[in-house]
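1. Here is my input; please provide its structure:
(one chain, ligands or ions: 1)
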Amino acid sequence: MTTSVPPSRPSREEAEEAVRVLLSWAGEDPQREGLLDTPSRVVRSYDEFFEGYQINPEELLARTFSEVEDYDEIVLLRDIRIESHCEHHMVPIIGRAHVAYLPRRRVVGISKLARVVDAYSRRFQIQERLTAQIANTINTVLEPYGTAVIIEAGHQCMTTRGVHRPGVSMVTSRMLGVFRENSDTRRELLSMLNRPALGDQFT
Ligand SMILES: [Zn+2]
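-> Alright, predicted model coming up:
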């Protein structure tokens, strides 16, 4: 679950050349004025879309707070925006994640949970693995009583090509520890998720 770096990373120039090849393949003239800067823009976009490969998600969770009195209830961060890319078609997966854990002594800053989601989202993914990686990392590093991750997302490889099914979303979940073993805890999580959102006055 560490960051995986390809064995030989091409140069930026080689990456830009690959974009020119794809432009030509699509039927374009990469030398056309409007497209001259496109390869460098695309490669810079890739720096952002796939910055997750440069991040070690486990390190994000290294700093925890142990003085949480006797807080022993579910911590839930919901509606975390997901921006990922399907590894089969290299097109966006857009959705949201809900991340919950039941702390055992240690809690982590909530922004760190969102950053773990980003660290795994900003890679080529399939939704099932993305869901499992987020849950497994939280569960391994924080050692809580349980971890739950639910992701709901739309896949552009399904909405804009192939079967063309806009509006279809895919839901995946990974339940570990008490969320898997204890149906009361799982039910409590689901009822927390079903509550209406706070609305703008709190956000
Ligand atoms: Zn796909």
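2. In the protein, which residue is most central in space?
-> Closest to where the C-alpha atoms of the chain average out (CA atoms, centre = their mean) is Ser121, at 2.8 Å.
3. That one and Pro92: what is the separation?
-> Noted for Ser121: a distance of 10 Å to Pro92, by CB to CB, to the nearest Å. No exception for glycine: its C-beta is placed from N, CA and C like everyone else's.
4. Which neighbours do those two have in common?
-> A shared contact of Ser121 and Pro92, defined by CB atoms under 8 Å, 6 or more residues apart in numbering, is any residue touching both; here these are Glu83, Ser84.
5. any low-confidence regions in this protein?
-> Residues of the chain meeting the criterion pLDDT under 70: 1-6, 67-69, 199-203.
6. and it, which of its residues are near the ion?
-> Proximity of the chain to the ion is confined to Cys86, His88, His89, Cys157 under the rule CB under 5 Å from the ion.
7. rerun that using 8 Å as the cut-off
-> When proximity is defined as CB under 8 Å from the ion, the chain approaches the ion at Cys86, Glu87, His88, His89, Val91, Ile93, His155, Gln156, Cys157, Met158, Gly162.
8. Take these and keep only those in helices.
-> Using DSSP state H, the members of the residues of the chain next to the ion that fall within helices are Gln156, Cys157, Met158.
9. Can I get these in a markdown table including distance to Asp79 and neighbour count?
-> Shown next, in a markdown table, are these (distance: CB to CB, whole Å; neighbours: other CB atoms under 10 Å):
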| residue | distance to Asp79 | neighbour count |
| --- | --- | --- |
| Gln156 | 20 | 17 |
| Cys157 | 23 | 18 |
| Met158 | 22 | 19 |
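10. what's the distance between the residue nearest to the centre of the chain and Arg129?
-> Using CB to CB, one gets 11 Å for the distance from Ser121 to Arg129.
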